[in-house]
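J.: got a sequence here, can you build the structure:
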Amino acid sequence: MRSPLPHVRTRAGHVATSLLLLGLTLAPAARAQSVASTAPRAFSLDDAASLARRNHPLLSAAGGRRRAVTGAARQEAALPNPTLEWRKENLNSPLQRDEFVTAALPVDLYGRRLALRSASSAAAQRATSDSSGTARQVEFDVARAYWRAALAVALHGAAVSQRQAVDTIARIEGDRARQGAVPEGAALRARLEADRARLAEASARAEMTRAHGDLARALAMPTDSVPLPTDPVAPGTAIPVGARSVADPHALITFAKSHRPELQSARSRLEEVNRRQLAERLGTFPALGVQVGTKRTSGYQTGTVAVGIAVPLFDRNGGSRQRARGDVLVAEGELRSIEMAIEADVTSALRAYELLAREYAATAAATTAGGDFDARGRTVADIAVAAWREGAIALFELLDAERLHGDVRSAALRAAADVRLARLDLARALGIAATDPLPTETAR
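T.: The predicted structure is shown next:
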């Protein structure tokens, strides 16, 4: 039922209506001025990534693991040290003492050390790839937490704006009710809507606090030392409206297989265990040792030469060869598993990004008067204010229009964040940095 109260042509009614319109018109400007005066220092995604690269303890741990793996591999492939011996015989006897000085060195006739050295080089490459993978994972964890925190900040701002708008309506309706221009029930309805908006704002503030804490955790820093994100959530239109696909999935899969650090690590791991398997096979051959030296006996200085062979009679290195073969099978299976996972990651991430970006772009482009999704929601609310002033709609319709504007703004922000996160997933699947342009973007 249409409220007859806006038709009451009283001075109080006109004054109250004018105050309402003035409050609804000036509130956004006042909020913008307040925000501008208390705006936090800039904290972009690049700033967050830079902080993570400088301070994150997982990167130091990854560097330590790389050094440990590389050192262990180098030690295993190192040449054996020679053995020097000085020996004197016939002590405490009537015989003349004999003195021996000898040097012994194992000889690798079959190239086992060369195979181990190749395995050492592959292990070093694997450690480097693992370190890069850890750094990339930290970067994407930070970027994901950053955009979720940025969304929470934007949603909190939207909740504050809606609460302020409804507070203005409730305050004016309260004044009009005290003047007898509107029933007390209308003022109560407006106040209930304002209380609902206040609870929504508190919930948004709590979510922003949690998201800020998640960002600090991703950065491995105290929460109070991490600023709130300042990059806008809404991305630029990355996919043309109506385009069915921006790239050939097979080409992107090939691109990802040459850039994903975990796949490079798996390939180096397979090369390493293959070299080790060869070394263990060569270990079944007899080990040769050469010994040379001098001998002084009975007053004569003579030389000595000895050749020793470790006969593989009982230990034919069977256990080590079996273990090496098992390592090869494990590495082959893991390599194939990672390749299949990359194919699935790229395909699903590409499809999700195309779908979300295309729908977001289509919604942003579907304007009736040159405004975006949020601007059109504001237009609906402004029209409702004008209609309410002329008595064409009731108060509850005005409140519904304000609620619709808040819902539309939240939906637009969430959709923009979904595009950001989908782009992150695609960048991770392709093996590029979170802030690097996608191959599909540089190709256009």
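
J.: what's the closest non-adjacent residue to A119?
T.: Sequence neighbours aside, R275 is the residue nearest to A119 in space, at 3.6 Å (criterion: Cβ to Cβ, 6 or more residues apart in numbering). All C-beta atoms are positioned from the backbone trio N, CA, C, and that covers glycine.

J.: in the helix or strand in which the one you found is found, what counts as buried?
T.: Assessed by DSSP states H and E, R275 sits inside helix 261-282. Residues 261-282 are the ones in helix 261-282 that count as buried (16 or more other Cβ atoms under 10 Å).

J.: and it, how far out from the chain's middle?
T.: How far helix 261-282 lies from its chain's middle: 29 Å, per Cα atoms, centre = their mean, to the nearest Å.

J.: what lines up beside the next helix or strand after it in the sheet?
T.: Going down the chain from helix 261-282, the next helix or strand is strand 287-297, by DSSP H and E. Sheet pairing of strand 287-297 (DSSP bridges) gives strand 98-107 (antiparallel), strand 300-310 (antiparallel).

J.: looking at the ones you listed, which is nearest to H156?
T.: When the strands paired with strand 287-297 are compared by Cβ to Cβ, strand 98-107 sits nearest H156, at 70.9 Å.

J.: identify all contacting residues around that closest one.
T.: Residues outside strand 98-107 that contact it (Cβ atoms under 8 Å, 6 or more residues apart in numbering): 80, 82-90, 287-298, 304, 306.

J.: check which helix or strand covers the closest residue in space to S298 that isn't next to it in sequence.
T.: Nearest non-adjacent residue to S298, counting by Cβ to Cβ, 6+ apart: Q96, 5.6 Å away. Assessed by DSSP H and E, Q96 sits outside every helix and strand.

J.: count the residues that sit near Q96.
T.: Residues lying near Q96 (other Cβ atoms under 10 Å) number 11.

J.: for it, which residues are in contact?
T.: N90, T297, S298, G299.

J.: one more: A149?
T.: M208, A211, H212, D214, L215, L228, P229.

J.: what do you get for L438?
T.: With Cβ under 8 Å, 6+ apart, L438 has these contacts: A238, R423, L426, A427, L430, I432.

J.: and the third one, how far is that from V142?
T.: In this structure, L426 and V142 are separated by 17 Å, where distance is defined by Cβ to Cβ, to the nearest Å.

J.: and the furthest pair within the contacts of A149?
T.: D214 and L228 (12.4 Å).

J.: circling back to that earlier point, please identify the most buried of the strands paired with strand 287-297.
T.: strand 98-107 (a mean of 15; mean count of other Cβ atoms under 10 Å).

J.: which is the next helix or strand following the helix or strand harbouring E359?
T.: For E359, the host element (DSSP H and E) is helix 318-365. Sequence order places helix 373-389 as the next helix or strand after helix 318-365, per DSSP H and E.

J.: what about that next one, average pLDDT?
T.: In this model, helix 373-389 has an average pLDDT of 79.

J.: next, the buried residues of that helix.
T.: Residues F373, D374, R376, G377, R378, V380, A381, A384, V385, A387, W388, R389 are the ones in helix 373-389 that count as buried (16+ other Cβ under 10 Å).

J.: max-length helix in the protein?
T.: Secondary structure of the chain per DSSP state H: the longest helix is helix 112-178.

J.: where's stretch 145-156 relative to the chain centroid, distance-wise?
T.: Offset of stretch 145-156 from its chain centre (Cα atoms, centre = their mean): 15 Å.

J.: then stretch 212-223?
T.: For stretch 212-223 - counting by Cα atoms, centre = their mean - the centre lies 13 Å from the chain centre.

J.: list the buried residues of that stretch.
T.: Buried positions in stretch 212-223, judged by neighbour count with 16+ other Cβ under 10 Å: H212, D214, L215, A216, A218, L219, M221.

J.: name the nearest of these relative to S410.
T.: Closest to S410, out of all of the buried residues of stretch 212-223 and judged by Cβ to Cβ, is H212, at 18.5 Å.

J.: tell me the buried residues in stretch 281-295?
T.: For stretch 281-295, by 16+ other Cβ under 10 Å, it's R281, L282, G283, A287, Q291, G293, K295.

J.: pull the contacting residues for L155.
T.: L155 neighbours (Cβ under 8 Å, 6+ apart): A204, E207, M208, S410, L413, R414.

J.: any idea which element the third one lies in?
T.: So the one you mean is M208. With DSSP H and E as criterion, M208 is part of helix 184-219.

J.: now for that helix, which elements pack on it?
T.: Helices and strands touching helix 184-219, by 3 or more Cβ pairs under 8 Å, 6 or more residues apart in numbering; DSSP states H and E, are helix 45-55, helix 112-178, helix 395-430.

J.: can you give me how far the very next helix or strand once past it is from the chain middle?
T.: Next along the chain after helix 184-219, taking DSSP H and E as the criterion, comes helix 249-257. Relative to its chain's centre, helix 249-257 lies at 20 Å (Cα atoms, centre = their mean).

J.: contact partners of helix 249-257?
T.: So helix 249-257 is contacted by 263, 339, 342-343, 345-347, 350, 429-431, 439-440 (Cβ under 8 Å, 6+ apart).

J.: which among the residues you listed count as buried?
T.: Buried among these by 16+ other Cβ under 10 Å: L263, E339, I342, E343, D345, V346, L350, A429, L430, G431, P439, T440.

J.: give me the pLDDT for R444.
T.: 48.

J.: same question for V241.
T.: pLDDT, V241: 41.

J.: this completes my enquiry, with thanks.
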